[in-house]
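J.: please work out how this folds:
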Amino acid sequence: MSIQRIQPSKRFSEVVIHNNTAYFAGQVPEKTVKQNAYEQTKEVLSLIDKLLAEIGSEKSKILTTQIFLADMADYAQLNQAWDEWVDSQNPPSRATVEAKLADPDWKVEIVIIAAV
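T.: Here you go, the predicted model:
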């Protein structure tokens, strides 16, 4: 049984791969923390794209997505960025919930599971 850890740190790995399935850590904005939910979501989705490429996968292989919003008032902005990004021919299952995030400047955190 092989387990591969991508970008591990002492606390967590950005991605863990087991049985051709990739489990992502929550992806959060790094550069757009002072911007709106649309901009933060676009950045987070870009970070997901980079990690998918690093493991040899792509967004059409995303199986499920969990989205955490600091404020459901940002749901429309999230969906605008999501709809521009998602592979509409292969959309994953998705849940979106309101949650208090670890950094008060974060408006969105996204977790995915993808096939490799």
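
J.: per-residue pLDDT, the residue nearest to residue 3 when sequence neighbours are not counted?
T.: Counting by C-beta to C-beta, 6 or more residues apart in numbering, residue 18 is the residue found nearest to residue 3 once chain neighbours are left out, at 5.1 Å. Heads up, the C-betas are built off the backbone N, CA and C, glycines and all. Listed pLDDT for residue 18 reads 97.

J.: for the longest helix along the chain, packing partners?
T.: The longest helix of the chain (DSSP state H) is helix 37-54. Contact here means 3 or more C-beta pairs under 8 Å, 6 or more residues apart in numbering; DSSP states H and E; on that basis helix 37-54 packs against strand 3-8, strand 13-18, strand 21-24, helix 75-85, strand 108-115.

J.: adding distance to residue 91 and mean neighbour count, write these out as TSV.
T.: Formatted as TSV, the helices and strands packed on helix 37-54 follow (distance: least, C-beta to C-beta, whole Å; neighbours: other C-beta atoms under 10 Å):
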stretch	distance to residue 91	mean neighbour count
strand 3-8	24	12
strand 13-18	21	18
strand 21-24	17	19
helix 75-85	10	16
strand 108-115	12	21
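
J.: and residue 101, which of those is closest to it?
T.: Between residue 101 and the helices and strands packed on helix 37-54, the shortest gap by C-beta to C-beta is with strand 108-115, which sits at 5.6 Å.

J.: list the contacts of that closest one.
T.: 20-29, 37, 40-41, 44-45, 48, 52, 55, 57, 61-70, 74, 78, 92, 99, 101 (C-beta atoms under 8 Å, 6 or more residues apart in numbering).

J.: report the angle between it and helix 75-85.
T.: Using axes from the mean of the first three to the mean of the last three C-alpha atoms, to 10 degrees, the inter-axis angle of strand 108-115 relative to helix 75-85 is 40 degrees.

J.: much appreciated, bye for now.
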